[in-house]
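A.B. asks: okay, structure incoming, though there's no sequence with it:
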Ligand SMILES: Nc1ncnc2c1ncn2[C@@H]1O[C@H](COP(=O)(O)OP(=O)(O)OP(=O)(O)O)[C@@H](O)[C@H]1O
Ligand SMILES: CC(=O)N[C@H]1[C@@H]2OC[C@@H](O2)[C@@H](O)[C@@H]1O[C@H](C)C(=O)O
């Protein structure tokens, strides 16, 4: 059995997810342990500054890169302590790092202009943890003409595919993405648009809360059809994959811009509309890309948003909708486990991308190895 750690801090900036897996000689993946580590408030503020397109500060980038490396290393060490293992028992860490800019190839940018940037210095992680660290998973795929995202579909296929039924895996993080796992082994996947990011942003603006617990605030409001239709006009939703997105497109400003056309909607009704937008963009993408009875397994923090999940279920009336626990991995840990698995792929010189998903020219070994 080889052990791997996956570290993930997503667009929501709600903390660092750390997961420990073991992989047996038959390549079966076993979820062993997980922790969530705090992302210090000051660091979170710096990351948000770096994510805002108006400020580009190389000083801040360098400093934040190192600091994220330090907190990621600590998260890995905390995970080892909590799991009662020594860092020496871990073969490798797969560190996603923190995305601060994602500019994939699209209608406005060709493959040579595309870039994506995840920070969290892997040298620092390897140095402080004493564990070989693999990082920078997305840029090879971008270099090969791909979107660099989503990357989790390859893992979803390895962990969740079934020879007996087609499955949809729905990840609701800051952004949302789906993987369609076909019985013949084919995989389709793409980002569907916002996950929690817009609802998080709006409740923060209005009630200073980090997220809308269980979707209760949204549930207290009423969806505004005009605003919803306005949001749904965004070309991203109608595009077919490969496609990926991020805070560059879905952010607080995009809500304010839309509200200029709808100035008198009550804040809780805006939240209800954002929930509906999230549920509709997800369910439309699922309906468009998979057969009507294909079951859906949800992972990511959004799986805890009861109102959102209920609405997605209602919009997909003929499908079983449940979370990935039933497939062996608790929904909150799937992403971190995926990066642990991607580390294993890279160390074993195996590809981590699915070209049909990202649009890359072919399978690629992702990331770089920073030895212990
Ligand atoms: N009880 C809950 N009720 C409502 N929403 C919740 C709840 N628990 C978590 N969330 C949502 O889940 C989010 C965190 O999800 P997750 O950790 O999957 O995102 P991420 O990893 O940052 O995203 P990404 O996949 O885009 O990188 C929180 O910001 C919040 O919106
Ligand atoms: C650029 C980037 O960090 N993208 C994230 C984000 O969060 C969800 C969605 O947008 C997905 O594209 C991706 O994360 C997952 C882990 C992925 O690559 O599959």
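C.D. replies: Arrived safely. Quantities reported herein were computed from a predicted structural model and do not represent experimental measurements. Ligands and ions are numbered 1, 2, ... in the order given.
A.B. asks: is ligand 1 contacted by stretch 140-155?
C.D. replies: No: shown here: stretch 140-155 not in contact with ligand 1 (CB under 6 Å from any ligand atom), separated by at least 8.3 Å. The C-beta positions use only the backbone N, C-alpha and C, and glycine is treated the same way.
A.B. asks: is ligand 2 contacted by that stretch?
C.D. replies: Yes: using CB under 6 Å from any ligand atom, stretch 140-155 reaches ligand 2 at 149-152.
A.B. asks: just the mean pLDDT for that stretch, thanks.
C.D. replies: In this model, stretch 140-155 has an average pLDDT of 98.
A.B. asks: TSV for the residues of stretch 140-155 next to ligand 2, including secondary structure and neighbour count?
C.D. replies: Converted to TSV, the residues of stretch 140-155 next to ligand 2 look like this (DSSP: H, G, I helix; E, B strand; the rest coil; neighbours: other CB atoms under 10 Å):
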residue	secondary structure	neighbour count
149	coil	28
150	coil	31
151	coil	27
152	helix	26
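A.B. asks: residue 193 - that's part of a helix, no?
C.D. replies: No: Residue 193: not assigned to a helix; according to DSSP: H, G, I helix; E, B strand; the rest coil it is strand.
A.B. asks: against residue 105, how distant is it?
C.D. replies: From residue 193 over to residue 105 the distance is 18 Å, taken as CB to CB, to the nearest Å.
A.B. asks: who has more neighbours, the two?
C.D. replies: residue 193 (26 against 21; other CB atoms under 10 Å).
A.B. asks: which pLDDT value goes with the residue in the stretch 1-150 of the chain positioned nearest to ligand 1?
C.D. replies: The minimum distance from the stretch 1-150 of the chain to ligand 1, using CB to the nearest ligand atom, falls at residue 10 (2.0 Å). We have a pLDDT of 84 for residue 10.
A.B. asks: same question for the one 10 residues further on.
C.D. replies: pLDDT, residue 20: 96.
A.B. asks: packing partners of the helix or strand in which it is found?
C.D. replies: Per DSSP states H and E, residue 20 falls inside strand 16-23. Here strand 16-23 touches strand 2-8, strand 29-37, helix 58-82, helix 334-347, going by 3 or more CB pairs under 8 Å, 6 or more residues apart in numbering; DSSP states H and E.
A.B. asks: just checking: what are the partner strands of the very next helix or strand once past the third one?
C.D. replies: Proceeding C-terminally, helix 58-82 gives way to strand 90-95 as the next helix or strand, assigned by DSSP H and E. Strand partners for strand 90-95, identified by DSSP bridges, are recorded as strand 2-8 (parallel), strand 133-135 (parallel).
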